[in-house]
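Visitor: sequence unavailable; structure follows:
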């Protein structure tokens, strides 16, 4: 996939070549608003904005706003929202039902389904959503009446996926694939799960049993049974559909069965949910010898808190990537494109997805509190409040619709008000406290030295390398003529959570040699090739001497020595070799006479000494 942008950070293109996701092509005006609506447009026109700059129609749905630019209605009342005095959304009514929200510390800690009284509680640890627990159990309930004279009777319930296709259709069984379910039946019948294959065979043609040795399709447990079935006997075969099945006898009478948390976990780590507590899914049923056949999706009050608890597994920006059941198996897997659009969406009862925000199925938007975000568009549908997160040093910050400075795999916007850098596992709150603003992160790039390792191939026309830190990895390169490369290590200054001790493999090397004659200083000047900062003024004075007459080659005296070694051209009358040796000796004496300095300064001085000596003996 690929993206295209304009200079103001508007994402104009998204190209997706595989899977289920959108491809977009947008144009914007001088106010960074999407164009395409006619003059004097209305909410019926795609990409029409109101006077406040709120998008009335995103090409998918129509929106009505209140005086505070908060969405009140979707599609003329198909969904409605209510807010409290703090601007928090406290009630939602949609086709799926009505929901009340309870907040604590700016986070939603509970939801009440007004329609059936079900409460969903959310557990947070260090500001991150860890689990959800529900007061009601949602179950696929199957029932029918057996024939008293029919032998070989059965009833099959074929399950469909989020796109209306047969569940698990097209999956090629691999060694180690497992199917999971929890189920129980009323006494008098056996029931279970199964799959049919494109070769014409179904589960009954294979000897498939669960971990307790019970046949995949013939479980008579009358209490919840947590089951795992290995499908390896079907290796290489393609699944056509998945189903649950009841196998009554002539004496069964009216029978019942209940199923939950049904999923296939592939040996490659891919998860395929089949039924995992959704309010409903499409079902097709057929059989022999049964009457009064029915299926329902019951919400049953349950005292079993463990059974109704599910666990979130997130990524570096807080997106929910996996949901596991109380049985310990995965029941949903979330895959997102960089700007949050869900790739190949799966059925799920989970609605907290990209960056941990609530995804509204009725609109396709994510609720970020102050504003709504359109992951299909890669932008907010309403503008940011001016002068809150705008900075004269960064023109893109003045695009009031962009998300996370267009770096969505690193930056987040917990409140819809400001960009925050989401690395180093920090805790973020809805007021953005606890995080570091994207602007501050950029300003502080030169706060502490980290390492860039590169490949300086004299025959190459590119100086290339990769920046390594505990927090991120980014590539860099510089165009240059062949033969202009003088070193393989550059010093890159980047923000650290605290002054780094520079343990291996991270070495705070200061000496830098640069391509010559190509304006390298200007091109890389913004990357922070500055003299390193020490906390002790005495050490800083020595460091300042290293840089006082080497401004033409970044990297201080060590960089100058490497330049002179490589080119044979002295940057001063006497050259810098002796300066390097003298300064290394001075730094060594400094360390001996100042044993109480900070760990940061100790390591900085040691690495300066090593780098100076390396430059003298010709090491990069």
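Guide: Right, received. Where do you want to start? Keep in mind that this is a model prediction, so the values were computed, not measured.
Visitor: domain ranges for the protein?
Guide: Using automatic domain parsing, the domain parsing of the chain gives 2-134+307-380, 137-301, 448-616.
Visitor: what sits closest to the residue located most distally from the centre of the chain if chain neighbours are left out?
Guide: Among residues of the chain, the one most distant from the C-alpha centroid is residue 149; the distance is 56.7 Å, by CA atoms, centre = their mean. Excluding its sequence neighbours, the residue lying closest to residue 149 (CB to CB, 6 or more residues apart in numbering) is residue 250, at 6.4 Å. (C-beta placed from N, C-alpha, C; glycine too.)
Visitor: hmm, back to that, out of the domains of the chain, nearest to residue 386?
Guide: When the domains of the chain are compared by CB to CB, domain 2-134+307-380 sits nearest residue 386, at 10.3 Å.
Visitor: quote the end-to-end distance of the closest one.
Guide: Taking CA to CA, to the nearest Å, domain 2-134+307-380 runs 20 Å from one end to the other.
Visitor: how about the strands in the stretch 301-450 of the chain?
Guide: Using DSSP state E, counting those that start in this stretch, the strands found in the stretch 301-450 of the chain span residues 309-314, 320-324, 330-333, 358-360, 365-367, 372-374, 379-380, 411-412, 420-421, 436-437, 448-455.
Visitor: note down every partner strand of the first one and its orientation.
Guide: Applying DSSP bridges to the sheet, strand 309-314 is found paired with strand 128-134 (antiparallel), strand 320-324 (antiparallel).
Visitor: contacts for it?
Guide: 128-134, 320-326, 331, 350, 352, 356 (CB atoms under 8 Å, 6 or more residues apart in numbering).
Visitor: contacting residues for the residue nearest to the spatial centre of the chain?
Guide: Central residue of the chain (CA atoms, centre = their mean): residue 319, 4.1 Å from the mean position. Residue 319 makes contact with 334, 336, 340, 353-356, according to CB under 8 Å, 6+ apart.
Visitor: from residue 218, how far off is it?
Guide: In this view, residue 319 and residue 218 are 40 Å apart by CB to CB, to the nearest Å.
Visitor: do residue 592 as well
Guide: 80 Å.
Visitor: the two: who's more crowded?
Guide: Between residue 592 and residue 218, residue 218 has the larger neighbour count (other CB atoms under 10 Å), namely 14 against 8.
Visitor: ok, which stretches of the chain are helices?
Guide: Assigned by DSSP state H, the helices in the chain fall at 438-443, 520-524, 537-547, 556-567, 577-593, 599-616.
Visitor: buried ones in the fourth one?
Guide: Going by neighbour count (16 or more other CB atoms under 10 Å), the buried part of helix 556-567 is 556-566.
Visitor: wait, which of these is closest to residue 35?
Guide: For these, the nearest to residue 35 is residue 559 (49.6 Å; CB to CB).
Visitor: distance of the closest one from residue 570?
Guide: According to CB to CB, residue 559 stands 14 Å off from residue 570.
Visitor: mean pLDDT for the strands of the stretch 301-450 of the chain: which is lowest?
Guide: In terms of average pLDDT, strand 448-455 trails the rest of the strands of the stretch 301-450 of the chain, at a mean of 35.
Visitor: out of the strands of the stretch 301-450 of the chain, nearest to residue 258?
Guide: That would be strand 330-333 among these, by CB to CB, at 16.2 Å.
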